[in-house]
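Engineer: what follows is a protein structure lacking sequence information:
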């Protein structure tokens, strides 16, 4: 990629200085990033970690090809959902034995929402974010319909006031700490406390938070959490999701999908279901081992990494990009919608512009991969494990040039196209 | 593996003759079978197809590593569940557009059972096989509990008589055409007709049938079907499952897990769920692409293969093994439980012996991989794409020698061990 505009010298100097002083810079070598690409879409699909190809080759050729059926024991496939669950648990502040990996986020959400509602059978409200990701909203509606609950859509900022009035009827509050559109970060600990003060359970979707910032689900008293494996965890396309359930809920936990692998004695092939002790009861069917082992290998990119350092660098990256936007893009009609306050900022910057879709395509054409959310939001995700300040300067400059020159195709996208 | 006993010359000659005349013999080269192993556990985990490693390497390094997020469109990831579904559909007699691949068999069963019950809202019974695989039984119980249905457990042979009395109350019958323990084959077409005559829906679990024998879900009027990708389809450990729903049910089909990928316009990120037309509405969350593409590559092992020939060879293999058992094993206390009648035989032979577990382990030690089902069944699965008659003779001879010499460890297995 060639730089389209000479960068303002102060921004260029700042990017160079920040990258040179970055203690996490060596981590970038843990990813196989293509040259000539500025990758700012890791909040949608993380790039390929270097540890994955050899791990998957071993899983396929040795474990499956040679070990065959014996690898369920011999290569640890059977335990993989719990082992990988614990590896994710380390990134979200969960002590071992509370997190299971497998299935999709949607299936895990269904399990979590249904199980949470069952833990508060005397309450009638399921409270969720009107701006929540579609699957979260659809499954909240589906679980509520099934269980005869009413759904209330309350923005995170209004949740404490809502709970002060309706908390006694609220079974579960289901939120994400990071708005997937705007990148706004909410106070997970405070909202969890508000839920608990009302006697409700707190269920968190960590898709846009896990791996991007320190989380402490145990310490903050989160009841249940789910998340995907393919964003900041870089586990690969459609990597298995995970479900966390706090240990205090295990004994009473009833899952809606009692598959055979969650049975207390799965190989007895018993006529009736008897749930396994602990989080293992949330296992469902036979897990997709190849995708699961790719995720496990991907998680080694976090080995020895302090998530507080990840957070600090992430804020440095997004802060720098906001400065670039302020100098180069807001004069051209871009409006940052991600909060400037670091305490309210996740690991992405979102800019509003009426040509968001066309600009995203044009950026990709020039090797800058970001994405957009309809109708007018450009999203730039940063991952402190591999993103540099220089990446962000290049992206801002390219966007500046495209907008100034108008050299992009404004044809609306074909319906149904993946954006 | 060395042969432990000189084979009776007639059996040796017959095996050689049958293998020499086998028109499917060249297909064995489509699998990377380890030397020195006789693999008779493909009805639990199919071996590694030769097409998988290069396909997965391409998926990881080129599609994910280089194509990054663009591969959702550029490499056809988004359409993969429907494309792979159609590829499975070709093996089960489903015209395109009725089969979706993804999730586990357990999740697909939950969807199928719940959706089937919803299609017959005025009926109160869910009828299933008392000998059905555990997940099928557990999920039938779970769906029935949720929907206020009663479960009746009726052996396949008794189903027509049961339906003659209780058919008018029966919403759905849920069966497998092949008993996973005994290998007995039931008459899918006749049982489907019996269900339809009673106004009920027929849901089939094809795990032990798809890829092993010709199926004609469209022609026989099957309403819904599910199956796994990792047995006779050889899609890899925990390969994604599939769901077939006959086209006539699509418009009314309501799935219990309305995830975002089943939405009519998933990238509109709409507030409310609106199901996609056709089988696409049965998509749930983001699919595990690596496992899904491994399954897709594995299915190419069936390219140009006539499933009637597969069935003919499968029957030749199981018939030959029953003859070996008759001559070499029944005198030693083994009892075949798989029907001798070819019309009632799936693609496995099961022998009963009190030391089933210990003998399975001892066989594995000598390179003969079969498996067992508690307490006393040894299962020998054959797959016409790679199994030879000589494989089966070697297995029978090894079992004979082990039993005659008593040279195996009868220590009971540790509880919880995967068998």
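Structural biologist: Right, received. Where do you want to start? Computed from a predicted structure; not experimentally measured.
Engineer: tell me the centre residue of chain A?
Structural biologist: Nearest residue to the geometric centre of chain A (C-alpha atoms, centre = their mean): residue A:207, 2.1 Å.
Engineer: report how many residues lie close to residue A:209.
Structural biologist: For residue A:209, the neighbour count with other C-beta atoms under 10 Å in any protein chain shown is 25. Bear in mind the C-beta positions are built from the backbone N, C-alpha and C, glycine included.
Engineer: distance of the residue lying closest to it once chain neighbours are set aside from chain B?
Structural biologist: Distances taken as C-beta to C-beta, 6 or more residues apart in numbering or on different chains place residue A:177 nearest to residue A:209, at 4.7 Å, with adjacent residues excluded. Using C-beta to the nearest C-beta, to the nearest Å, one gets 19 Å for the distance from residue A:177 to chain B.
Engineer: next helix or strand past the helix-or-strand element of chain A with minimal mean pLDDT?
Structural biologist: Lowest by mean pLDDT, DSSP states H and E among the helices and strands of chain A is strand A:371-373, with a mean of 93. Next helix or strand after strand A:371-373 toward the C-terminus (DSSP states H and E): strand A:377-381.
Engineer: what is the neighbour count of residue A:268?
Structural biologist: With other C-beta under 10 Å as criterion, residue A:268 counts 14.
Engineer: anything in the least confident helix or strand of chain A near chain B?
Structural biologist: Yes. Applying C-beta under 8 Å from any C-beta of the partner chain, one finds strand A:371-373 touching chain B at A:371, A:373.
Engineer: with stretch A:384-401 instead?
Structural biologist: No. Stretch A:384-401 does not reach chain B (C-beta under 8 Å from any C-beta); its nearest approach is 12.2 Å.
Engineer: ok now that stretch, how far from the chain's centre?
Structural biologist: 21 Å (C-alpha atoms, centre = their mean, to the nearest Å).
Engineer: any idea how far chain B is from residue A:390?
Structural biologist: Counting by C-beta to the nearest C-beta - residue A:390 and chain B are separated by 19 Å.
Engineer: give me the residues contacting the least confident helix or strand of chain A.
Structural biologist: With contacts defined as C-beta atoms under 8 Å, 6 or more residues apart in numbering or on different chains, strand A:371-373 is touched by A:41, A:44, A:180-181, A:350, A:356-357, A:359-360, A:378-379, A:419, B:69, B:269.
Engineer: tally of neighbours for the residue nearest to residue A:185 when sequence neighbours are not counted?
Structural biologist: In this structure, residue A:185 finds its nearest non-sequential neighbour in residue A:346, 4.6 Å apart by C-beta to C-beta, 6+ apart. By the measure other C-beta under 10 Å, the count of residues near residue A:346 is 28.
Engineer: what's near enough to touch residue A:346?
Structural biologist: By C-beta under 8 Å, 6+ apart, the neighbours of residue A:346 are A:177, A:178, A:179, A:183, A:184, A:185, A:208, A:209, A:212, A:213, A:338.
Engineer: redo that, cut-off 6 Å
Structural biologist: Residues near residue A:346 by C-beta atoms under 6 Å, 6 or more residues apart in numbering or on different chains: A:178, A:183, A:185.
Engineer: tell me the pLDDT of the closest residue to residue A:285 other than its chain neighbours.
Structural biologist: Leaving aside its sequence neighbours, residue A:285 sits nearest to residue B:104 (C-beta to C-beta, 6+ apart; 2.7 Å). Residue B:104 carries a pLDDT value of 98.
Engineer: hang on, residue B:104 packs against residue A:287?
Structural biologist: No. Between residue B:104 and residue A:287 there is no contact under C-beta atoms under 6 Å: 7.2 Å.
Engineer: more crowded one of these two?
Structural biologist: Of the pair residue B:104 and residue A:287, residue B:104 is the one with more neighbours under other C-beta under 10 Å, namely 29 against 26.
Engineer: what sits against that one?
Structural biologist: Taking C-beta under 6 Å, 6+ apart, one finds A:284, A:285, A:286, B:241 in contact with residue B:104.
Engineer: can you tell me how far the last one sits from residue B:224?
Structural biologist: It stands for residue B:241. Using C-beta to C-beta, to the nearest Å, one gets 13 Å for the distance from residue B:241 to residue B:224.
Engineer: likewise the second one?
Structural biologist: Going from residue A:285 to residue B:224 by C-beta to C-beta gives 17 Å.
Engineer: again, but for residue A:174
Structural biologist: 30 Å.
Engineer: from the stretch 151-300 of chain A, which residue is nearest to chain B?
Structural biologist: Going by C-beta to the nearest C-beta, chain B is nearest to residue A:285 of the stretch 151-300 of chain A, at 2.7 Å.
Engineer: does residue A:243 touch residue A:283 like I think?
Structural biologist: No. If you go by C-beta under 6 Å, residue A:243 and residue A:283 don't touch, sitting 9.6 Å apart.
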